[in-house]
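> sequence unavailable; structure follows:
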């Protein structure tokens, strides 16, 4: 069974750090483009950070550049999002996703991705 499971979301204060993890099962994660997405209340899900499988190209949305780091451990079928200096606007449900790349595929997973169930990140003082 193909599955992605996120963990690590919790309530933190502004300025603190948090690491989200996504464990894949049922497919060889190393061949897949991976990414983290965020959905805040009343907004659409947005791309936060991704790694394309074919060339290792990495994407960060502007608001998290210099604060967040995405990484992958294919041997453990896991990828993480290290989030530092968290801000109120970083709050939301974070989803991990993985998609098998194709010719010309973007840096982030798209319509053909597998998705996790989401993990809540709350930033509050």
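Nice, thanks for sending it over. Predicted model only: the values in this text are computed from it and were never measured. Numbers count the residues shown, from 1 in each chain.
> drop to CA atoms for contacts and neighbour counts, all remaining ones
Noted.
> give me the neighbour count for the nearest residue to residue 39 once chain neighbours are set aside.
Nearest residue to residue 39, sequence neighbours excluded (C-alpha to C-alpha, 6 or more residues apart in numbering): residue 45, at 4.3 Å. Residue 45 has 15 neighbours, counted by other C-alpha atoms under 10 Å.
> where does residue 45 land on pLDDT?
Looking at residue 45, its pLDDT is 96.
> residue 66 too?
Residue 66 carries a pLDDT value of 98.
> roughly how far does it sit from residue 60?
Remark: distance between residue 66 and residue 60 (C-alpha to C-alpha, to the nearest Å) = 9 Å.
> and the pLDDT at the spatially closest residue to residue 30 that is not a sequence neighbour?
Once flanking residues are discounted, residue 30 sits nearest to residue 74: 5.0 Å by C-alpha to C-alpha, 6+ apart. pLDDT for residue 74: 95.
> shouldn't residue 74 be in contact with residue 27?
No - counting by C-alpha atoms under 8 Å, residue 74 does not reach residue 27; the two are 11.0 Å apart.
> wait, what's in contact with the residue most central in space within the chain?
What sits nearest the mean C-alpha location of the chain, by C-alpha atoms, centre = their mean, is residue 36, with 1.8 Å. Taking C-alpha atoms under 8 Å, 6 or more residues apart in numbering, we find residue 36 in contact with 47-50, 81, 94-97.
> report the beta-bridge partners for it.
residue 49, residue 96 (DSSP bridges).
> that one and residue 66: what is the separation?
The span separating residue 36 from residue 66 equals 16 Å under the rule C-alpha to C-alpha.
> quick one: mean pLDDT for stretch 11-30?
97.
> okay, buried residues for it please.
12, 14, 18-24, 29-30 (16 or more other C-alpha atoms under 10 Å).
> and stretch 94-112, what's its mean pLDDT?
pLDDT averaged over stretch 94-112 gives 93.
> gap between the two ends of that stretch?
End-to-end distance for stretch 94-112, by C-alpha to C-alpha: 18 Å.
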